[in-house]
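[1] Have a look; sequence and predicted model below, questions after that.
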Amino acid sequence: MKENFFRSMTWMHTWVGLLVCWLLYLIFYAGTLSFFRDEMTLWNQPALHNVQAPEQRVAQQRSQIISGINYLQNAAPESTLWGIYLPTERKPQLNYAYEKPRPEGKRFGGWQDHNINPQTGDEIAQTRDTRGGNFFYRLHFDLHYIDVRTARWIVCFASLFMLVALISGVVIHKRIFKDMFSFRANKGSRSWLDGHNVSSVLALPFHLMITYTGLITLIFMLFPYPAMTAYEDGVRGLFNDVLPTNVRSKSSPESAPLAGIEGILDQVYTNWPNADLTQISIRDPNKASATITVRASTGTQVRDQTPTLLFNGVDGSLIAKSATELSNTEVFYDSMTALHTGRLANPLLRWLYFLCGIAGCVMIASGCIMWAKRIRERMKKQQTASFALKLVEGLNLATLMGLPLATCAFFIANRLLPINAVERADKEILAFFLTWLAVALFALFKRATAQWLQLAWLNAAACIAVVLINALTTDGNIISYLLNGQWALFSFDFLCIIFAGLFVIQAKKIPTRAQPKAQQQGSRRAAKTNLQEQS
């Protein structure tokens, strides 16, 4: 009975993991990068590299908001939505934005941004249109080019498979703590298993947390039925009840003067004397249906929903405010969401999130490579590879080596595309997917050791190219970033060099000749022994 149970768990762990491992790798990869999405967005906009938030950042917010309202009144009095985004430690620029006219059939016309230097009050010229790190953030749960709702269902199913694989992996580990410190090099599939075990066990709490909380963030899409039973409007009705500051009134065509922002700010600072404000949103400005939403930072609190005040945009009265005390259910949901997004993290904790995300990528990558290597080691000399094995090997090469190369292409395109190019941000994303497609087509026809070697060198060259092209096309480089204390920009370039070195090490480790027969037999024996140990 016990033997059959462990065999069943081993079978489930293998196949549940393998069926979605490439999608999970994309989710983990993009999600890991998005922990530094603000820093990547900053790197993508060289015009902002020398902008610094004021030393008395919070004290200057009142005057910045008043100036922003005056600016938007002159720039876009007919726009349906205004936004004032105040400088933060990770986003030093002041941003005044308004919605552009909506194309027919579209619900949103896109933002027209005006970035302001908060030190001087001058508008910053030649700011590049880019998605930056927000592209990777959206990619890890919206998958791009796919209907949003469909993409999120796919990601939810993949996350559920991941959770099952993690739990079954813990069950079949007989020596889970010993495996944390075991790595045997040059042992064929045994080495890949050791790498899989180490990366899994060392960051196991993170893997469980990030997978479970990822499902929690979309729980109302997966299980809307309680809300549909309790509210006429279903999930929307639930959120309107729990978050009254998100309620939107019907737009009115009737004109009406906007309430004085000074009086509204007086109410804000009465409610929050030491508030660190992050943004002001004004819907239907200069209309009878105008509303003004003020949001503040959550700081390092384990909370995802930002403190919010909603005002009537005509008479300036307070309509609603976010709850200061949450129910146990609200605390659980909100804290789970905050843990997943990592917005609460200080720089050190954010780096820990990043390293654990890298461990997750290693765990998934080593698992899918190990499966293919085990099959190869069991094959007889004259036996040809099956279609399934070729497919797995091709997907391994396309995903594991294609995504880093596509990421480099994304950042290189940011530097080489003309600043005023039409739909520039979309072209950067297109460069990402075209590069990934090229690697996938390459892997479709050739997926042997030689192709892994070629792509390892190509990835190393691409990582170095990102640093060099940045130095040649902008006023800064990794040395100037270090000397000037621009740590976000320095860390970006430094990580590119680190990953270039890792790809060089990978290329050096890839065997250029076939293994001797005795070594192949030893690898097969190790694989057989490992299967016996796990079962």
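    Great, that's in hand. Numbering: from 1, shown residues only.

[2] Is the residue nearest to Ile429 when sequence neighbours are not counted part of a helix or strand, or is it coil?
    In space, and not counting its chain neighbours, Ile429 is closest to Phe135: 5.9 Å by C-beta to C-beta, 6 or more residues apart in numbering. For every residue, glycine as well, the C-beta is placed using N, CA and C. Under DSSP: H, G, I helix; E, B strand; the rest coil, the three-state class of Phe135 is helix.

[3] how about Phe135, what does it touch?
    Going by C-beta atoms under 8 Å, 6 or more residues apart in numbering, Phe135 touches 144, 410, 428-429, 432.

[4] Low-confidence stretches in the stretch 401-535 of the chain?
    512-535 (pLDDT under 70).

[5] Try it again at 50.
    In the predicted model, the stretch 401-535 of the chain carries pLDDT under 50 at residues 514-520, 523, 527, 531-535.

[6] just the helices in it please.
    424-445, 449-473, 478-483, 487-509, 517-534 (DSSP state H, counting those that start in this stretch).

[7] residues of the third one that come out buried?
    The one in question is helix 478-483. Buried positions in helix 478-483, judged by neighbour count with 16 or more other C-beta atoms under 10 Å: 478, 481.

[8] Return the list of helices and strands in contact with it.
    Packing partners of helix 478-483 (3 or more C-beta pairs under 8 Å, 6 or more residues apart in numbering; DSSP states H and E): helix 487-509.

[9] ok, 10 Å please
    helix 449-473, helix 487-509 (3 or more C-beta pairs under 10 Å, 6 or more residues apart in numbering; DSSP states H and E).

[10] Same question for the first one.
    Helix 424-445 makes packing contacts with helix 133-142, helix 387-416, helix 449-473 when contacts are defined by 3+ C-beta pairs under 10 Å, 6+ apart.

[11] again with the second one
    Contacts defined by 3+ C-beta pairs under 10 Å, 6+ apart place helix 449-473 against helix 387-416, helix 424-445, helix 478-483, helix 487-509.

[12] what's the answer for the fourth one, then?
    Contacts defined by 3+ C-beta pairs under 10 Å, 6+ apart place helix 487-509 against helix 37-43, helix 347-378, helix 387-416, helix 449-473, helix 478-483.

[13] orientation of that helix relative to helix 449-473 in degrees?
    150 degrees (axes from the mean of the first three to the mean of the last three C-alpha atoms, to 10 degrees).

[14] mind starting the numbering at 567 from now?
    Taking 567 as the first residue, the last one we looked at is helix 1053-1075.

[15] Using PDB, write out every CA atom in helix 1053-1075.
    Only the C-alpha atoms of helix 1053-1075 are listed here, as PDB (Å, rounded to 0.1, in the frame of the first residue of the first chain):
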ATOM      1  CA  TRP A1053      21.800  52.200  -7.700                       C
ATOM      2  CA  ALA A1054      18.800  51.100  -9.700                       C
ATOM      3  CA  LEU A1055      20.500  51.800 -13.000                       C
ATOM      4  CA  PHE A1056      23.800  50.300 -11.800                       C
ATOM      5  CA  SER A1057      22.000  47.100 -10.600                       C
ATOM      6  CA  PHE A1058      20.300  46.700 -13.900                       C
ATOM      7  CA  ASP A1059      23.600  46.800 -15.900                       C
ATOM      8  CA  PHE A1060      25.400  44.800 -13.300                       C
ATOM      9  CA  LEU A1061      22.800  42.000 -13.400                       C
ATOM     10  CA  CYS A1062      23.100  41.900 -17.200                       C
ATOM     11  CA  ILE A1063      26.900  41.300 -16.800                       C
ATOM     12  CA  ILE A1064      26.200  38.700 -14.100                       C
ATOM     13  CA  PHE A1065      23.800  36.800 -16.400                       C
ATOM     14  CA  ALA A1066      26.300  37.100 -19.300                       C
ATOM     15  CA  GLY A1067      28.900  35.400 -17.100                       C
ATOM     16  CA  LEU A1068      26.400  32.700 -16.200                       C
ATOM     17  CA  PHE A1069      25.700  32.000 -19.800                       C
ATOM     18  CA  VAL A1070      29.400  31.800 -20.500                       C
ATOM     19  CA  ILE A1071      29.800  29.300 -17.700                       C
ATOM     20  CA  GLN A1072      26.900  27.300 -19.200                       C
ATOM     21  CA  ALA A1073      28.600  27.300 -22.600                       C
ATOM     22  CA  LYS A1074      31.800  26.100 -21.000                       C
ATOM     23  CA  LYS A1075      30.000  23.300 -19.200                       C
END
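
[16] List the buried residues of that helix.
    1054-1059, 1062, 1065-1066, 1069-1070, 1072-1073.

[17] Strands of the stretch 617-766 of the chain, residue ranges please.
    Using DSSP state E, counting those that start in this stretch, the strands found in the stretch 617-766 of the chain span residues 647-651, 660-665, 677-682.

[18] strand partners of the first one, parallel vs antiparallel please.
    The one in question is strand 647-651. In the sheet, strand 647-651 lines up against strand 660-665 (antiparallel), strand 843-849 (antiparallel) (DSSP bridges).

[19] Show the average pLDDT along the longest one.
    Per-residue pLDDT values over strand 843-849 give a mean of 93.

[20] Distance from the chain centre to it, please.
    Distance of strand 843-849 from the chain centroid (C-alpha atoms, centre = their mean, to the nearest Å) equals 24 Å.

[21] By mean pLDDT, flag the weakest helix or strand of this structure.
    helix 1083-1100 (a mean of 49; mean pLDDT, DSSP states H and E).

[22] Quick one, grab the pLDDT at the residue nearest to Ile995.
    Predicted confidence (pLDDT) for Phe701: 96.

[23] how far away is it from Ala931?
    For Phe701, the distance to Ala931 (C-beta to C-beta, to the nearest Å) stands at 22 Å.
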